[in-house]
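> structure of the sequence below:
(chains A and B)
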Amino acid sequence: EAQVTQNPRYLITVTGKKLTVTCSQNMNHEYMSWYRQDPGLGLRQIYYSMNVEVTDKGDVPEGYKVSRKEKRNFPLILESPSPNQTSLYFCASSSNPGFGATEAFFGQGTRLTVV
Amino acid sequence: AQSVTQPDIHITVSEGASLELRCNYSYGATPYLFWYVQSPGQGLQLLLKYFSGDTLVQGIKGFEAEFKRSQSSFNLRKPSVHWSDAAEYFCAVGAQGNFGNEKLTFGTGTRLTIIP
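Below you'll find the predicted structure:
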């Protein structure tokens, strides 16, 4: 089954404690991205990756890091989480970064709470 | 920069009634437009998309949307809603980033409630 898998689904952590949210896709997609969803703000792009070792900032990259060492994986790293990073996070992938022929597939989401 | 406006935060519709969700976009070139649906506790699922050609596009679950360039709109419609359509709906525009058209900008969403 084609899917984007995020882990964990739920996470409560303390301010300053480094964490990683993993994202893996089994569709051999080149393009992957991370979004955060906040009430009244919709989804905002954090980072995206066009392919292995090719990443770029989205609209709200501050406080986040990403890496793309393998095509299937695109982890989101919070080096020093703060309460304003409490949010619902989604990973997405697609085979065509131009959206010309395919859709973006989204993971189930990771609800992060930073206390 | 591109932007998407969904003016209705919450809409309530009776089961069997028609539905229209509004979406306005701002983008300098021809946009790629999408509607996604998010059911409670789930990720986003693509309902339909517009890239070019026929301005009336059909999607899954009986939804359709019409692209109107003169109004910068891409409204979502369904002739008769079902209780299972209760969800949050997001309009999005695909726009050009550093490497090409790879960025999705989302609206703030419209929550749809269905009453019996």
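> how about the strands in the chain?
Looking at chain A here, since you left the chain open. A:4-7, A:10-13, A:19-25, A:31-38, A:42-51, A:54-57, A:65-66, A:76-78, A:87-94, A:105-106, A:110-114 (DSSP state E).
> ah, I was thinking of chain B
Here chain B has its strands, by DSSP E, at B:3-5, B:10-14, B:19-21, B:24-26, B:32-38, B:44-50, B:56-58, B:64-68, B:73-78, B:87-95, B:103-106, B:110-115.
> among those strands, which gets the worst mean confidence?
The stretch with the lowest mean pLDDT among the strands of chain B is strand B:103-106, at a mean of 81.
> so what are the sheet partners of that one and their directions?
Next to strand B:103-106 in the sheet, as set by DSSP bridges, lie strand B:87-95 (antiparallel).
> relative to strand A:42-51, how tilted is the partner strand?
For strand B:87-95 against strand A:42-51, the angle by axes from the mean of the first three to the mean of the last three C-alpha atoms, to 10 degrees is 50 degrees.
> would you confirm that B:Ile115 contacts B:Ala17?
No: using C-beta atoms under 8 Å as the test, B:Ile115 is too far from B:Ala17 to be in contact (9.3 Å). Every residue, glycine included, has its C-beta placed from N, CA and C.
> quick one, which of those two is more surrounded?
For the pair B:Ile115 and B:Ala17, the greater number of neighbours falls to B:Ala17 (13 against 10), based on other C-beta atoms under 10 Å in any protein chain shown.
> show me the residue at the heart of chain A, geometrically.
Central residue of chain A (C-alpha atoms, centre = their mean): A:Trp34, 2.8 Å from the mean position.
> which residues does that one contact?
Applying C-beta atoms under 8 Å, 6 or more residues apart in numbering or on different chains, we find A:Trp34 in contact with A:23, A:45-48, A:58, A:64, A:66, A:74, A:76, A:89-92.
> closest one of the residues you listed to B:Thr110?
Distance to B:Thr110 across the contacts of A:Trp34 (C-beta to C-beta) is lowest for A:Phe90, with 17.9 Å.
> give me the neighbour count for that closest one.
Using other C-beta under 10 Å, A:Phe90 has 25 neighbouring residues.
> any idea what it is bridged to?
A:Tyr35.
> my guess is A:Val114 meets A:Pro83, correct?
Yes: using C-beta under 8 Å, A:Val114 is in contact with A:Pro83, at 5.0 Å.
> between the two, which contacts overlap?
What both A:Val114 and A:Pro83 touch, as defined by C-beta under 8 Å, 6+ apart, is the set A:Thr15.
> who has more neighbours, the two?
For A:Val114 and A:Pro83, the more surrounded residue by other C-beta under 10 Å is A:Val114, and the numbers stand at 20 against 10.
> give me every residue that touches that one.
Contacts of A:Val114 (C-beta under 8 Å, 6+ apart): A:13-15, A:81-86.
> next: B:Pro31.
Counting by C-beta under 8 Å, 6+ apart, B:Pro31 makes contact with B:2, B:25, B:50, B:93-95.
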